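**Student:** This is the structure alone, sequence omitted:
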């Protein structure tokens, strides 16, 4: 037996120091296989610690397999592969620092000043003391929230659905990945809007769906295009086309419903921000006309808080049973706490009050942005999509590239956003720049537009 | 022009009643295509409302495409397909009511009495007033939380990783679905433990991976089985085998690391509840030995709250770049609010305090369960997995089926859980019953075990 000399520090716990020391000696080959360790008593005396301390260290080493105890004979080193212990720490280059902006016209945010902080806090604090918050949630979402959503969909979107046909998830893309898993068994391709939401396309490409494109412009889509297409699935944004901002008329909705019934396919209706229509009431959802072939997707990102990660879909009856079968062993991806809080928030009428309030708030901001743009740019600009949503697209007739507009704006401290990522084949002659306003005050909007004039004109 | 007679109620808003009435008349074919509507003035006078009210209703109908305004000529009905408006409400049979139990030995829950309610509330309320809570989060998770997790992994699990190599998600299964999408490009099959976590298998089957099984029993796995297998991927639970409860020794971990280096494959290490080891300190993670080929998975479900839906994985350097490339356009599925709150909770030392406290709480509950089982069942029972985790498996030698044990227990008001769903080929001679205890008090545990004695002996 080698004599082992080491001193103990005040912390960490002494048994831990002993354990670490022997582990390291064994890993480094200083102690060889079958070599005997000092006895519990010897080591305790030598290190001036209790026998309990040395015993705890040896038990840990035994449990992990470094040593073995042979009763009265003592403790012996087990065989190990020493070369494995060259631990590599991954070295990953740090991300470059992001520039700061005076005004950021980002679209993925919500107004903070009018967030119903008090009501939400009260309810979420209450949820944390309820019994049903401390276990795994239901795989398809909590029934209390599904019931509230069903009521909301009927009253506000005209969609009649059973609460059990509503599936809760964490994001539109996550739901599309699950949905795609089902649909790809019967369908190989899908029609998407061009331009259209790139995130949805990514989810379809995740499942190797072939994409056919339906061209959309400021007058909407020409649905006669569907006649030459092979797909029986279509993904659309009827209430507020993403990103162009047009809404489908009742005739266009009917054409689409007729088409899907003929095809025996499905329409995926993404109703992502239908709450915010300013010139009229929100249009009823496509699924309100006939939901037998419509998969309706909604979420709380635009209307409440993107960071809450709550989305939902209402499935047609024939898909529901298959979905339940396929995903019965999958845990929900949506926070149980957020689901329970949102259910209470809706039940107590806070949700409807919030939507009403925000519609006025965003209407005022939209007016502010549009009039600022008109004032500063006059006839040099076209504004697209001012009837609804939390952003507009602008088109400038001065023969510059999208990149130029973004760089110029950045030069003046304003962040604006590209739209080229939404386009597939149907590229516009002039670039379209996206300006989101939801999180900005009217003062910030006016300042931002003034700076854009300097940058662009 | 037809004369249209209807009366208005006090609510909803009068313009809405007018809109709904005309919409329904057009949909039902009572008003035909090109038929003229009363003028705004006529209708206002007739209904005793302001012209603004009738104008708003007509503008809504115009925007949705039901009617069109021809200037001074007036408003006319557009063409519609009347047959589409037979709206079907899905009728889905209600789920049967669930029986109630006196004691429920479920495993998917956590202790509520010792939840750090005050600290968590304080921090989550603060997050709701911070600027960074009102937009979309980072696709791979918030860097503040990734940094905290990296520190925790180094200190408590021995895993050295860069914060940028940590990806945040909402559940282990959700992360495995993303991971599988990457891995399936190079690998067609994966080795899983038998018995093993069914949820992980589901995620691998989602991507059509072929499964090879590694038999595990109370003595662990015989890794010589690997020599006859074709897969280069393996999914394991080294710290606390799910569901058998054994931990891999250092030799077994080394064998596995050696194997994966020879194969040039990957180990997926699911370290799902490693915090709770009672007889020794938690064993260092497999990834602490050599992380170049180990994908490390962790989550906050068992150690904090399953309903929070926060999981994470540490990726080897060579996979990280591919992951970032593949998923750069995917939104995070994990709540931004929960991420920001958890980062603060960890930063302030609350997390380490919580884990220490819960280890003692669960240790006491585990002792309580084990001694109650030993007292009531004596030599009739084998208890498996009492060293760690939030459940034990029990084996009774009385020749009954798993179904019998569950039914008998239910008859006495006790809910116990099957394990057969975890087994693939390696079925045990006697059924194993799973008893979770984390959410029960010692009194409830003792009562539950007494009732089980009546039920089973």
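**Tutor:** Perfect, thanks for sending it. Not measured: the values here are computed from a predicted model.

**Student:** C-alpha only now, for contacts and for neighbours.
**Tutor:** Fine.

**Student:** Might you list the low-confidence residue ranges for chain A?
**Tutor:** By pLDDT under 70, the weakly predicted segments of chain A are A:1-5, A:82-95.

**Student:** Just give me the residue right at the centre of it.
**Tutor:** Central residue of chain A (Cα atoms, centre = their mean): residue A:171, 4.6 Å from the mean position.

**Student:** shouldn't residue A:320 be in contact with residue A:165?
**Tutor:** Yes: Residue A:320 lies in contact with residue A:165 (Cα atoms under 8 Å); the separation is 6.3 Å.

**Student:** helix or strand right after the longest strand seen in chain A?
**Tutor:** Longest strand in chain A, counting residues (DSSP state E): strand A:210-217. Reading on from strand A:210-217 to the C-terminus, the next helix or strand found by DSSP states H and E is strand A:220-221.

**Student:** helix or strand right after that following strand?
**Tutor:** Next along the chain after strand A:220-221, taking DSSP H and E as the criterion, comes strand A:233-236.

**Student:** buried residues in the helix or strand just after that next one?
**Tutor:** Next helix or strand after strand A:233-236 toward the C-terminus (DSSP H and E): helix A:250-263. Using 16 or more other Cα atoms under 10 Å in any protein chain shown as the test for burial, helix A:250-263 gives A:250-257, A:259-261.

**Student:** Checking the nearest residue to residue A:384 once chain neighbours are set aside next. Helix, strand or coil?
**Tutor:** Nearest residue to residue A:384 in three dimensions, chain neighbours excluded: residue A:393, at 5.0 Å (Cα to Cα, 6 or more residues apart in numbering or on different chains). Per DSSP: H, G, I helix; E, B strand; the rest coil, the secondary structure class of residue A:393 is strand.

**Student:** Repeat that for the one 5 residues further on.
**Tutor:** Counting by three-state DSSP, the backbone at residue A:398 sits in coil.

**Student:** okay but the residue nearest to the centre of chain A is in contact with residue B:330, surely?
**Tutor:** No: assessed by Cα under 8 Å, residue A:171 is found out of contact with residue B:330, at 9.5 Å.

**Student:** hmm, who's touching stretch A:294-302?
**Tutor:** A:108-110, A:171-172, A:266-273, A:286-287, A:306-316 (Cα atoms under 8 Å, 6 or more residues apart in numbering or on different chains).

**Student:** list the contacts for the residue nearest to the centre of chain A?
**Tutor:** A:299, A:309-311, B:331-333.

**Student:** same thing but at 10 Å, please
**Tutor:** Going by Cα atoms under 10 Å, 6 or more residues apart in numbering or on different chains, residue A:171 touches A:177, A:297-301, A:306, A:308-312, A:333-334, B:330-335.

**Student:** cool, residue A:243 as well?
**Tutor:** A:193-198, A:216-217, A:237, A:384-385, A:389, A:391-393, A:419, A:422-423, A:432, A:434.

**Student:** Okay, helices next: where are they in chain A?
**Tutor:** For chain A, the helices defined by DSSP state H occupy A:14-27, A:40-47, A:51-64, A:117-127, A:143-157, A:172-183, A:198-206, A:250-263, A:317-327, A:336-347, A:350-377, A:402-411, A:442-456.

**Student:** Could you point out which of the ones you listed sits nearest residue B:242?
**Tutor:** Closest to residue B:242 of those, according to Cα to Cα: helix A:51-64, at 17.7 Å.

**Student:** Packing partners of the closest one?
**Tutor:** helix A:14-27, helix A:40-47, strand A:67-69, strand A:75-77, helix B:250-263 (3 or more Cα pairs under 10 Å, 6 or more residues apart in numbering or on different chains; DSSP states H and E).

**Student:** ok, the first one near chain B or not?
**Tutor:** This means helix A:14-27. Yes: figure legend: helix A:14-27 in contact with chain B (Cα under 10 Å from any Cα of the partner chain); contacting residues residue A:16.
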